[in-house]
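Q: pasting the sequence and the predicted coordinates here, then a few questions.
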Amino acid sequence: MMSESVDIHEKTESPRDARSPLQVSPEGPVVAYALSHETYTVPQLLEYGIAAERAGFRMAWTSDHFQPWQDNQGHSGLAWVTLAALTQRTSQMAFGTGVTCPTFRYLPAIVAEAWASLSHLAPGRVFLGLGTGERLNEGAAGGGWGKYQERSERLIEAIKIIRELWSGEHVRFKGKFWDVDAKLYDKPASPIPIYIAAGGPKSARIAGLYGDGLIAEGGPLSSNPLYKAAWEEGARESGKNPATLPIIVELYTVVGGEREARQSADLWHFTPRAWQHGYFDEVNPLRIQQKAEREIPLEMVYKDWPVGTDPEVHIKAIKETAAKGATHVVITTATPNQMEVIEFYGSKVLPRLAKAGSTG
């Protein structure tokens, strides 16, 4: 008999292999590749994931959306299908979602079952990224929506359910939002770390308390001392050392010039204000796009992105992101030359980063 009062970290440990891309590397940041379901089809993303592993990317993440952020992005394949396919076409790269909302669109028990199954297909190589969601996904799909307080409470309860089910024991959980009476007969083949996305100090503390790592916004991580302090406080309160836990930051990059930068920025026009009202809580991608086009100059979108074909531009940006506190840097680019981008990073960026890390 289990209840929500049980210590959620009692039975579930994170992978401890220091060589795993799921862990903090002493040799420098782990560089991951973003497989954006908003801008490419599932078959395309599968090929990009295979190519990314061959190029030397140690990790990948996939967006988990029911709709794209903007109408002009044009795609919204199911992330879980892509991940399952990647387990069969890759052998070393780690991967997961950035991020899944386990509370409105999905039941937490189903998320637990899905990731347990993925772990059997790729033991030791999957992570689960979780967050409180966006209305264009959760509300649009009919699952409902709520204010931050409800969304954060739901997330905490969902994490407890997922962890308890992963124990393989019978779970009797009666909470505020769900009543679970079940057993996961095929528990994970190996421990699955949970990384939690946080846009502000409140969510950062939740990530520290209940997660195995933080999916952070680069701005707050480096400029808001309350943000990182809340994350570290939460981790220590739950008996973890924050210095050993991954901090994952997304970095938008462009391999090309001004034209490619504007092309990419047009597809991610909303990003400077993504977590402001009228964007993450809007249900219609076309309205998000139109609002961004009215309110945000295109130059503002890519002003801080590394843009160019000089490898040093990209190496510098990754190092600067790591200097802000990131242990994992996820490369996102929306230009159509994805295979060229992957080849560029594989031949000119990743080897130099690896050499710099090995030489200190």
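A: Cool, got the structure. Here the structure is a predicted model, which is why all the values come from computation and not from measurement.
Q: so where's this protein uncertain?
A: 1-18, 358-360 (pLDDT under 70).
Q: which residue would you name as the spatial centre of it?
A: Gly98 (2.2 Å; CA atoms, centre = their mean).
Q: surely that one meets Ala60?
A: No - the criterion here is CB atoms under 8 Å, and Gly98 misses it with Ala60 at 9.3 Å. For every residue, glycine as well, the C-beta is placed using N, CA and C.
Q: what is in contact with these two at once?
A: Ala34 (CB atoms under 8 Å, 6 or more residues apart in numbering).
Q: and the next helix or strand past the longest helix belonging to the chain?
A: Across the chain, the longest stretch assigned as helix under DSSP state H is helix 148-166. Where DSSP states H and E defines the elements, the next helix or strand beyond helix 148-166 is strand 171-174.
Q: give the pairing partners of that following strand; include direction for each.
A: Partner strands for strand 171-174, per DSSP bridges, with pairing direction: strand 179-182 (antiparallel).
Q: run the chain-centre distance for the helix or strand following the strand it pairs with.
A: Counting by DSSP H and E, the next helix or strand C-terminal to strand 179-182 is strand 194-198. On the basis of CA atoms, centre = their mean, to the nearest Å, strand 194-198 sits 7 Å off its chain's mean C-alpha point.
Q: can you check stretch 188-205 too?
A: Distance, centroid of stretch 188-205 to centroid of chain: 9 Å (CA atoms, centre = their mean).
Q: numbering from 37 from now on, please.
A: Done: numbering now begins at 37, and the last item shifts to stretch 224-241.
Q: that stretch: which residues count as buried?
A: Buried positions in stretch 224-241, judged by neighbour count with 16 or more other CB atoms under 10 Å: 224-225, 227-235, 237, 239-241.
Q: quick one: end-to-end length of it, please.
A: 27 Å (CA to CA, to the nearest Å).
Q: do a quick rundown of the helices in this structure.
A: 78-91, 115-125, 144-157, 171-174, 184-202, 237-246, 254-259, 261-273, 294-303, 321-331, 334-338, 347-359, 374-380, 386-394.
Q: in TSV: those helices, plus distance to Lys219.
A: Below are the helices of the chain laid out as TSV (distance: least, CB to CB, whole Å):
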stretch	distance to Lys219
helix 78-91	32
helix 115-125	22
helix 144-157	10
helix 171-174	27
helix 184-202	8
helix 237-246	22
helix 254-259	39
helix 261-273	30
helix 294-303	44
helix 321-331	39
helix 334-338	48
helix 347-359	42
helix 374-380	42
helix 386-394	43
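Q: those: which one's closest to Gly211?
A: helix 184-202 (4.7 Å; CB to CB).
Q: could you check the angle strand 230-234 makes with the closest one?
A: 170 degrees (axes from the mean of the first three to the mean of the last three CA atoms, to 10 degrees).
Q: show me how far helix 184-202 is from its chain's centre.
A: Taking mean C-alpha positions (CA atoms, centre = their mean), helix 184-202 and its chain are 17 Å apart.
Q: in that helix, what counts as buried?
A: So for helix 184-202, counting by 16+ other CB under 10 Å, buried means 186-202.
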